[in-house]
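> Need the 3D shape of this:
(2 chains)
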Number of protein chains: 2
Amino acid sequence: MPERDLQYLTELAAQLRVDSVRAAAAAGSGHPTSSMSAADLMAVLFSCHLRYDFEHPDNPGNDHLIFSKGHASPLLYSLYKAAKVIDDDELLSFRRRGSLLEGHPTPRLPWVDVATGSLGQGLPVGVGVAMAGRLERLPYRVWVLCGDSELAEGSIWEAAEHAGTEGLANLTVIVDVNRLGQRGPTRHGWDTGAYARRFGAFGWHTIEIDGHDPGQIDFALADAGNTRRRPTVILAKTRKGEGVVEVENREGAHGKALKDPDKAVDELGGPRSVRVDVQRPEGEAEPYHFDTSPAAVPEYQVGERAATRTAFGAALAALGAARGDVVALDGEVADSTKTQEFAEAFPERFFEMYIAEQQLVAAAVGLAVRGWIPYAATFAAFLTRAHDFIRMAGVSQASIRLVGSHAGVSIGEDGPSQMGLEDLAMMRSVYGSTVLYPCDANQAAALTVEMAEVSGVSYLRTTRGDTPVIYPPGERFPVGGSRVLRRSDEDRATIVAAGITVHEALAAADELKDAGVPVGVIDLYSVKPVDAAVLVEAATTTGNLITVEDHRLEGGLGDAVLDAVSELGPRVVKLAVTGLPGSATPEEQLADARIDRHAIAAAVKRLL
Amino acid sequence: MPERDLQYLTELAAQLRVDSVRAAAAAGSGHPTSSMSAADLMAVLFSCHLRYDFEHPDNPGNDHLIFSKGHASPLLYSLYKAAKVIDDDELLSFRRRGSLLEGHPTPRLPWVDVATGSLGQGLPVGVGVAMAGRLERLPYRVWVLCGDSELAEGSIWEAAEHAGTEGLANLTVIVDVNRLGQRGPTRHGWDTGAYARRFGAFGWHTIEIDGHDPGQIDFALADAGNTRRRPTVILAKTRKGEGVVEVENREGAHGKALKDPDKAVDELGGPRSVRVDVQRPEGEAEPYHFDTSPAAVPEYQVGERAATRTAFGAALAALGAARGDVVALDGEVADSTKTQEFAEAFPERFFEMYIAEQQLVAAAVGLAVRGWIPYAATFAAFLTRAHDFIRMAGVSQASIRLVGSHAGVSIGEDGPSQMGLEDLAMMRSVYGSTVLYPCDANQAAALTVEMAEVSGVSYLRTTRGDTPVIYPPGERFPVGGSRVLRRSDEDRATIVAAGITVHEALAAADELKDAGVPVGVIDLYSVKPVDAAVLVEAATTTGNLITVEDHRLEGGLGDAVLDAVSELGPRVVKLAVTGLPGSATPEEQLADARIDRHAIAAAVKRLL
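Down below sits the predicted model:
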């Protein structure tokens, strides 16, 4: 590397350190030392290897840079300043109310793909973006900056496995091995060989370098770019807090502003005004083209029996035929979730993620970053494995569609480990989420198609067993709606159900009617948002609501109903799963959980 | 291996296959083929290597056997039959209502340590049991049977990292590499070398064998037992459905009873009555001895300010001094969660699990299996990473104590990725869970000590910032209780709060009182179970409740209150976090989320 370039890179890195120190000092908090260790790495990346059109963040040819170590946000923002897309005043607004420069990066900034800050997530999402690049046949590269501490997360190794086996050569991970975690030394310290052995075993090209030597960094980044058929990990030995004696390579200096920032800035050679001209992508990248037509939604006849998971699968395949931007992912249970039909019809747009639910969801997020419409499916129970990824997808406001099959005790003999009983609580609590729970095949098919248009994290809950078809084909079920299935002016109570319990509620209503107790029944297929108007009307007219759900008592349908009517004060009885199920038939399970027709009828009688 | 032994092992394995087929046939479902592939492995283990006193499952010298591939339950139950602890009738009750032989094993059976069936969990829990063995200085061994599909789970590699780096030589993993997952071939098929490279890179001793050759199996198990300073993984190449042409090594034969079980039994040589005498542990193992005395709970004076996380840390250290069976684990944030004080005082009983929350919780479960009293801590937000493990701990009815710090928007500048805003919803929905949320330091300390006596999964939610001490030292706060902090006969409404919002509620009550609107205030520190009597009284007397929580609207404190009073029908207004926070100071965050004193007062006025 010519001396002049070396000097420039050294100056740029020093400025990045200075600005990281200054931003944290202005905020009174943040992670300057974790930024300083990676400053040389990012200086070389931005100056020599990144292809990014800052004026057009949606340029399809842009590289993608993900700070998996999101706490190094001062470094990221200092890079933006060097690239002249933010000014010094904005840099110093770091962590202030209203500033887009948050403690950890979020896509409120147009150049940030996904929110990071929960460690071990940026790499799995980067894998998803790299998968999209291959699908789109675009030459962009995905660069992920990881910390060494986060390599302890299992999700990193799910990502390593997927990227390594798939040979995602467009993915490069740069690990800032600064030896120090939050509370002390990492497990492997500066033993970059320990990490190289691990990544190597997973099929990666590995490069170990001095992360403060611009020449070595440049060589490694070029080597990564030239590597075929394998992703590359650059394991860069660095010093946390590099350049300032007060904090350099010292424990106890994580996640706080420097005590004497002015002295630190002096030590780093003072403020500079180095600018970095990030290269634009070469040529005009063509966005991926696809056809769109109305989906030929599968139809089921009223009176037949079909599982909502089967209808979902058929509708997803129909949607795939209608829209070239729909992709599907599964956690090695496509024959159960029924994404198999899509997989067989559109193998290029189907991704087998094997039993790795975190990577399953992260890949969906990565594909959504590129504008794809991902549907990711597994058992509802096993989506809990990816809770933190779903939570962060909410923070990213990523539009992903999750599908959980085998909901509730009604799966029967397999027992509690396989029963999705906490999924509604989990999904309802996610920021900006939509939660849908169909009771029949036509409704499931319609909602599957409807989800394609939903922004943010949406969730479809499906049932294992066959249920009667009660809605004719072709009806629409808008998000936020409900269906009043039984209603009369004589109703003394209203049963609110969704999914499998709708059928139990209808049977209970029939039984009660015969016993001279007319009751209404509402199918609350949209669990979030709920149809507050219909619930309020029921609460006002009958004054007595019974909610019934194949889910735990906490956080599900019943709580959603209570929330909608809480300011009116009707009497509400919640029926839900409270015990610990074992093995039994679906019918026995519903009875044992006291959410079947007889339990509902008994609850109504008790309430009245 | 002598011919006679070989014959015996072959006969035993054949019987295990026959019984697996029969059990699934009787149930009409289950996983016979996944059992048949591992029959030789388990036949040799039970006959020659396992040390287990079936009459005394609590014998401290017993080995531990965990079926991480829990769906191979027919094999496990067939082993129990061969060991004469269940009879043939019970075997054939498999998957029936009321049978202890559930679809996936649970500790309802006395010889089962933990519930499995959510893949990738048995090994991490086994790591915890192995950690306990080292702590107890007992010579028992931990044997874990894994499937090959589940090696895709990141949690497996968290476990591989921990066990490998810690050198847990008392742990042996046997992987049944039968090449076929649920919906088709696994990623690596029969390439046991791919798995060996990965485990080897993580520091394990690896052995690749033919999993149907008793001699090779015996040699490998002995080799594992003789290996020092490293855990061993035995990668056994097997055929799924081994021994029955209809299903052997065929796709589409996962998770279902055989079509013609009689023919299959014939093909396997018919029923047998082979018995296995499992060796008892040698000598009398001494249970771990420890001292117990009353804990010297730390005390804080009313009026001072202290963070509940700090009080938790001090109380945990005091508890550690009082009880030798208390252990603590942390996800590399001990300086934030404040387990650091315990770590410094009792390094032998503190486990640094690094940033691997699934292994963090799994290790706690494994330690609880051995009777330890584990406290596992990380940020509340990051406990979502371990949701599926927490869910399964509930199914196992494991007594573990989880502590989530940095709850809510009140953490301030760090932003949404670090805010625990979904943790109450998650923890409330766990079977048999207890959820505690203290508002001041003395309450936090008391509840920390109280948790030691709580069965099942319990959770303590702590706050980052200092809060005023409002309770004198020495008071008790029983699980299921609450504190009425303001009450008068003139109250027109009652504010229900917990944690940081208690202080906002008190300020709001003062403000309202000055404005001539007296209101009550309840500190609902026990979020599950809730003090229904006190809530019902408030609902009955004032008829107007305002709940306020630093948590999302769904599934938290407000829903717990609504649930408790739903049949009475008071008017309830829920205040909670509904938007997407950014960076801001704690005070700004509370105001922006509209859960601060002013928002509470405004809500009360609006309601009245």
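> OK, now which residue of chain A is nearest to chain B?
When scored by CB to the nearest CB, chain A has A:Gly154 as its residue closest to chain B, at 2.4 Å. Any C-beta I mention is one placed from the backbone N, CA and C, and that applies to glycine too.
> which residues does the closest residue to that residue other than its chain neighbours contact?
Of all residues not flanking A:Gly154 in the chain, B:Gly154 sits nearest, at 2.4 Å (CB to CB, 6 or more residues apart in numbering or on different chains). Under the criterion of CB atoms under 8 Å, 6 or more residues apart in numbering or on different chains, the neighbours of B:Gly154 are A:Glu153, A:Gly154, A:Ser155, A:Ile156, A:Trp157, A:Glu158, A:Ala356, A:Gln358, A:Gln359, B:Gly120, B:Gln358.
> now A:Tyr300
Residues counted as contacts of A:Tyr300 (CB under 8 Å, 6+ apart) are A:Ala306, A:Ala311, A:Asp440, A:Ala441, A:Asn442, A:Ala445, A:Val469, A:Pro473.
> Filter the residues you listed down to the ones in strands?
Those of the contacts of A:Tyr300 mapping onto strands are A:Ala306, per DSSP state E.
> For ChimeraX, write the selection for the buried entries among the contacts of A:Tyr300.
To isolate the buried members of those in ChimeraX, using 16 or more other CB atoms under 10 Å in any protein chain shown:
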select /A:306,311,440,441,442,445,469
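> Need the contacts of A:Tyr300 in TSV (columns: pLDDT).
Below are those laid out as TSV (pLDDT from 0 to 100):
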residue	pLDDT
A:Ala306	98
A:Ala311	98
A:Asp440	98
A:Ala441	98
A:Asn442	98
A:Ala445	98
A:Val469	98
A:Pro473	97
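> most centrally placed residue in chain A?
What sits nearest the mean C-alpha location of chain A, by CA atoms, centre = their mean, is A:Ala393, with 3.3 Å.
> just checking, that one touches A:Ile400?
Yes: between A:Ala393 and A:Ile400 there is a contact under CB atoms under 8 Å: 5.6 Å.
> Now for these two: what residues contact both?
Listed contacts common to A:Ala393 and A:Ile400 are A:Val361, A:Ala364, A:Val365, A:Val457; contacts here mean CB under 8 Å, 6+ apart.
> wait, which of those residues is closest to B:Trp372?
Nearest to B:Trp372 out of the shared contacts of A:Ala393 and A:Ile400 is A:Val361 (CB to CB; 32.9 Å).
> which SS class is A:Glu208?
Put simply, A:Glu208 is strand when judged by DSSP: H, G, I helix; E, B strand; the rest coil.
> Tell me what it is bridged to.
Per DSSP bridges, the residues bridged to A:Glu208 are A:Leu235.
> That one - how many residues pack around it?
Neighbourhood size, A:Glu208 [other CB atoms under 10 Å in any protein chain shown]: 18.
> Per-residue pLDDT of it, please?
Here the pLDDT value assigned to A:Glu208 is 98.
> And for A:Glu284?
80.
> quick one: contacts for it?
Counting by CB under 8 Å, 6+ apart, A:Glu284 makes contact with A:Gly61.
> For A:Ile217, see how far away A:Pro271 is.
A:Pro271 sits 24 Å away from A:Ile217, going by CB to CB, to the nearest Å.
> More neighbours: which of these two?
When A:Pro271 and A:Ile217 are compared for neighbours, A:Ile217 comes out ahead with 28 against 14, by other CB under 10 Å.
> Please look at A:Pro281 and A:Asn59 and confirm they touch.
Yes: contact criterion CB under 8 Å: A:Pro281 and A:Asn59 qualify, at 6.3 Å.
> Name the residues contacting each of the two.
A:Asp53.
> still on that earlier bit, ok, which pair from the contacts of B:Gly154 is furthest apart?
By the measure CB to CB, A:Ile156 and B:Gly120 form the most distant pair in the contacts of B:Gly154, at 14.8 Å.
> Let me know whether stretch A:117-125 sits next to chain B.
Yes: using CB under 8 Å from any CB of the partner chain, stretch A:117-125 reaches chain B at A:Gly117, A:Ser118, A:Leu119, A:Gly120.
> For A:Val534, state which of these is nearest.
A:Ser118 (37.2 Å).
> Doesn't that closest one belong to a helix?
No: applying three-state DSSP, one finds A:Ser118 to be coil, outside a helix.
> Share the number of residues neighbouring it, please.
A:Ser118: 28 neighbours (other CB under 10 Å).
> Give me every residue in the stretch 1-150 of chain A lying close to chain B.
Close to chain B, as judged by CB under 8 Å from any CB, the stretch 1-150 of chain A has residues A:27, A:29-30, A:70, A:94-104, A:106, A:108, A:115-120, A:149-150.
> Could I get the full set of strands for the stretch 451-600 of chain A?
All strands of the stretch 451-600 of chain A, identified by DSSP state E, counting those that start in this stretch, fall at A:457-461, A:466-468, A:483-486, A:493-497, A:519-523, A:526-528, A:544-552, A:571-577.
> Mind putting those into CSV with distance to chain B?
Listed next are the strands of the stretch 451-600 of chain A as CSV, based on distance: least, CB to the nearest CB, whole Å:
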stretch, distance to chain B
strand A:457-461, 12
strand A:466-468, 16
strand A:483-486, 21
strand A:493-497, 12
strand A:519-523, 17
strand A:526-528, 7
strand A:544-552, 5
strand A:571-577, 4
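> Dump those to a markdown table, plus mean neighbour count and mean pLDDT.
Compiled in a markdown table, the strands of the stretch 451-600 of chain A are given as follows (neighbours: other CB atoms under 10 Å in any protein chain shown; pLDDT from 0 to 100):
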| stretch | mean neighbour count | mean pLDDT |
| --- | --- | --- |
| strand A:457-461 | 29 | 98 |
| strand A:466-468 | 18 | 98 |
| strand A:483-486 | 18 | 98 |
| strand A:493-497 | 29 | 98 |
| strand A:519-523 | 26 | 98 |
| strand A:526-528 | 25 | 98 |
| strand A:544-552 | 29 | 97 |
| strand A:571-577 | 23 | 96 |
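> Using JSON lines, please lay out those strands together with distance to A:Glu332.
JSON lines is the format used below for the strands of the stretch 451-600 of chain A (distance: least, CB to CB, whole Å):
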{"stretch": "strand A:457-461", "distance to A:Glu332": "19"}
{"stretch": "strand A:466-468", "distance to A:Glu332": "24"}
{"stretch": "strand A:483-486", "distance to A:Glu332": "35"}
{"stretch": "strand A:493-497", "distance to A:Glu332": "32"}
{"stretch": "strand A:519-523", "distance to A:Glu332": "32"}
{"stretch": "strand A:526-528", "distance to A:Glu332": "27"}
{"stretch": "strand A:544-552", "distance to A:Glu332": "24"}
{"stretch": "strand A:571-577", "distance to A:Glu332": "27"}
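> No further questions, thank you.
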